[in-house]
Every structure is written in C-alpha cells, then in structure tokens.
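**Student:** show me the folded form of this:
(2 chains)
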Amino acid sequence: MSTLNYVESRLGEADALFSKVIPAGEGWIHKIAAGQTLRITDLEGNQAADTFFFDATDLEERYDAQVTIREQGGIYLTTGTKLKSNRGRTLLTITADTCGRHDTLGGACAAESNMVRYALSKRFMHNCRDTFLLQMVLSGLPLTKRDLAHNINFFMNVPVTPEGGLKFDDGVSEAGKYVEMIAACDVHCLISNCPQLNNPCNAYNPTPIRVSIWEAGA
Amino acid sequence: MNYSEILPGGGMWSMRVPRHRTIQLVTEGAGANISALFFNGANPLDRLNLPDTLKALHTAKLTRGHVLMSDMGLAMASIVEDSLGWHDPLGGRTTADIVKKSFGEGSYQDLRNDFLRNAHDHFLIELAKHGLGLRDVVANVNFFSKVTVDDSGHLEYHAAGCPAGARVTLRSEIDLLLVLSNSPHPMHPGGGYPRIPVRISISHCEAAGADDFCRNFRPECGRAMQLSERLYL
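**Tutor:** Just a heads-up that it's a prediction; the model follows:
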C-alpha cells in the first residue's frame, strides 16, 4: 500500500448539513448517522485531530486500531481505509484524503503520559485525554474512561522504521488539507483538537480544525 | 512460594500477580505466540496503554529494558530478560473469524479440547472472571512474535521468528492482573493450528534499584517507575 491515496472530495462546504470550527484544546462529540459523511479539515496546517468512534447503537463496540491496521496490512490511514471496530465490523470508510499521513499508533496525550514523557511537572498542562473525558461526561451518554481506547490522530506524522523505531516527525499536513469518511452505521465521533506543546505533532503551535457533515447521498 | 505451570497451545490463563515478582515465559517449541493484556490489579480501569508505552519508548517493538506502561502513567511490568529481541505490540488478537479463515473449522464437538480457540474469546472469558468485559479489551502485546513496518507503512509478519526455548522475563512493578492467551498470532499464514506449550514461572524478586537496567533504559522508564512507587507511599 502507498502512504497516500490522494482523492479530493466532490462535496462542497456550502452544502454541508453541519459545520463547526473546533479551536485547539477543545473537543466535540457528535452523532454521525449511517451514510452521512464527516470531513475533518486542518485549517492552518500541522495540527493533530485526536479522533475516536463508538457504534451509536452499542457503545461497547468502538474503533479498534489493531484490527484496523492488521486488516488493511498497514499502519497509515488514507482513502479506502476501513475503520474497524473491536468486533471486526466496518464503522466508517475513508472516502477522500488530501494529507496522506494519519497516525494509528500514538494514541492521545494525557496528563500522566506527559509526566512520563517529559517531566513530572507537566501534569498540569492541558491534554487530549482530559478533553475526551469531559466530552464523554457532558454528552450524557453512558461513556467512561473504560470506553476510551487507542484513537486515531488525523494529520499527525508518526513514522515507524523497519528496525522497529518510532519517531515523532514534523507534520506533513498543510492549511486546508482534509480527510473525509462515510459512516457505515450510526456512530458517535469523539474529537480532541490536540493541545500538545511538548513535541512537534502540532508544530508547537496548536491551531483550529473544522468538522463538517453531509447528508447521506449528498 | 514460587509457581510454575505449562500453558498449553490453545489455552488461556489469568492471575493476580503482586508487584516485585518475575514472570518468566519460556517456549517449549518453535513458533509460539502469547497474546497478553495487563491491568492494574487495584484498579482495572487503569490498564496497559500501548500507544503511551510505544511513544514513551520511541519504539514499535518490545524488548529488554522496555517498561510496559498504563494509561495512568504507571510502570506496570519491565522486560528484564529477553532472548528474542522483538515482541509485537501491533498485530492484535485472533478472533473466531480469523482462526476459521486461517486454520479451518475446529469445533469442540469434533475436536474436544483440541478445538481451535482464539485470543478474543480467551480474553472475554478470563476477563469475565474478574468482572471485566469487551470494554476492557484494549491493544494487546504478542510475546514471541515479530511484525515489522516498512517505509510505506506496510506490515509484515515474520513466521520463523521464535525458536524453541525462547525466553522473556517480566518484573511486575505494581500489583497486576495479567491475562494470557496461548493462541496463534492473527497474521499467522495458516495451515495447521500451532500448539506450542509455554511455561509460566513466577518468583519473588527485588524491587528495581537505582541502577536497574530498565529504570535507566530511558528517562521515561524511570519516571513511570516513580509514578508506580507513589502507589505504595
């Protein structure tokens, strides 16, 4: 497989059913109905959009990174990738991608992982898992930390070397790059627009993203 | 008291293991795979977080010196000894569908206790014994298996990676609930269902000292151990 299957969308922003800008450090949880298309746009470039999915009719069924990468035989996501659940079902399929590098391995930043990775004093910096937890609680859905697993980082560049090394490189995303996916079933999409300031995943400058949704058949 | 038991091919196992024990796994044949999940025994909401572990260690494989970390930043278990040099954190677990596709039909009705079992069901069964379930099945380690990633991101499973007598030894850094499935790697090319017995041995050991290899492997390992030590203030 190649890293990028460059496909532009035919959907126009003006026709979107829903559109919202998520500033850096903020979160969003929203239902995407079966057949609807979700687009995430990196508005200013080099941002990381930490994203997770739950099956809306059975919240125990959720995005599973290991199933997804194994089933497609590769670690990067691009057009054609099926985002798989922990029961092996397809939750969404990526239908357009102009970035070509989306991370499946790095997960979300957290107060605790910042302490481990950088310094114990980093505990009090804002982080993605705090955003996830707050959004899950505020959603009114019966979701807890227990439901939070290994998320996708759209637009984030985490190459793996053939020798088994893992690197955090500068992003390859630029202003206006986007990724788009169609829901195979009703899903809840959970996003944290990453506030990480300790590594180059956001080019040390977290910036806004936009989420847009189009009706099925649009 | 020390403990030792053979985990047969196709078998599953779970145990609460207190901190400061060595947990040694030794393969009794070539081509073994042990799928493993780790939980904080005192709070199973806190569990192995492979993304956090891999990014803290800057690695996409696991070997000696590495510390398996929980999502609350704790050092859960350190890899203190490893004869192979590569254990897989990427490939995940077999399911009934994968086993059927790779190894064919194999019901209990036909095969009795040689039926073709899978890691997903193993995890669900062992976790249910501890009040846990599907929500607790997170990304797992596959001990004794090797999956590499090329420059384009393509995954490759290395079938001949594990000889007989391969050995990996962990040291528990907190009280653990450990769940193991002796079942094929999900990227196994198929054919005959491998049944490689693996001996599990658990013994008391010393806590990691200031000069411990794993503690000093990277600064991240030392900080995760500090967080674990805070549990026992």
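**Student:** got the phi/psi numbers for whichever residue of chain B sits closest to chain A?
**Tutor:** Of all residues in chain B, B:Pro51 sits closest to chain A, at 2.5 Å by C-beta to the nearest C-beta. Using the backbone N, CA and C atoms, a C-beta is placed for each residue, glycine as well. Backbone geometry at B:Pro51, expressed as degrees, to the nearest 10, gives phi -60, psi -50.
**Student:** that one - nearest residue in space that isn't next to it in sequence?
**Tutor:** Distance criterion C-beta to C-beta, 6 or more residues apart in numbering or on different chains; nearest residue to B:Pro51, sequence neighbours excluded, is A:Gly107 at 2.5 Å.
**Student:** A:Leu83 reaches A:Tyr63, doesn't it?
**Tutor:** Yes - here A:Leu83 lies in contact with A:Tyr63, judged by C-beta atoms under 8 Å, at a distance of 5.8 Å.
**Student:** where do the contact lists of the two overlap?
**Tutor:** Counting by C-beta atoms under 8 Å, 6 or more residues apart in numbering or on different chains, the shared contacts of A:Leu83 and A:Tyr63 are A:Phe53, A:Leu91, A:Ile152.
**Student:** quick check, nearest of those residues to B:His58?
**Tutor:** Nearest to B:His58 out of the shared contacts of A:Leu83 and A:Tyr63 is A:Ile152 (C-beta to C-beta; 20.0 Å).
**Student:** beta partners of that closest one?
**Tutor:** As for beta bridges, A:Ile152 partners with A:Thr51 under DSSP bridges.
**Student:** tell me where chain B has helices.
**Tutor:** Here chain B has its helices, by DSSP state H, at B:50-57, B:96-103, B:108-111, B:119-128, B:219-230.
**Student:** low-scoring stretches of chain A, by residue?
**Tutor:** Within chain A, the segments meeting pLDDT under 70 span A:1-3.
**Student:** report the central residue of it.
**Tutor:** Nearest to the centroid of the C-alpha atoms of chain A, with distances taken as C-alpha atoms, centre = their mean, sits A:Thr51, at 2.8 Å.
**Student:** what does stretch B:201-213 contact?
**Tutor:** Taking C-beta under 8 Å, 6+ apart as the rule, stretch B:201-213 contacts B:2-4, B:15, B:17, B:19-24, B:26, B:64-65, B:78, B:80, B:171, B:173, B:214-215, B:225.
**Student:** who touches the most centrally placed residue in chain B in this structure?
**Tutor:** With distances taken as C-alpha atoms, centre = their mean, B:Ala36 lies nearest the centre of chain B, 3.0 Å away. When contacts are counted by C-beta under 8 Å, 6+ apart, B:Ala36 touches B:Asn140, B:Val141, B:Asn142, B:Phe143, B:Leu178, B:Val179, B:Leu180, B:Ser181.
**Student:** tell me, which of the residues you listed make contact with chain A?
**Tutor:** Counting by C-beta under 8 Å from any C-beta of the partner chain, B:Asn140 from the contacts of B:Ala36 sit close to chain A.
**Student:** could you identify the most distant pair in the contacts of B:Ala36?
**Tutor:** With C-beta to C-beta as the measure, no two of the contacts of B:Ala36 lie farther apart than B:Asn142 and B:Leu178, at 14.5 Å.
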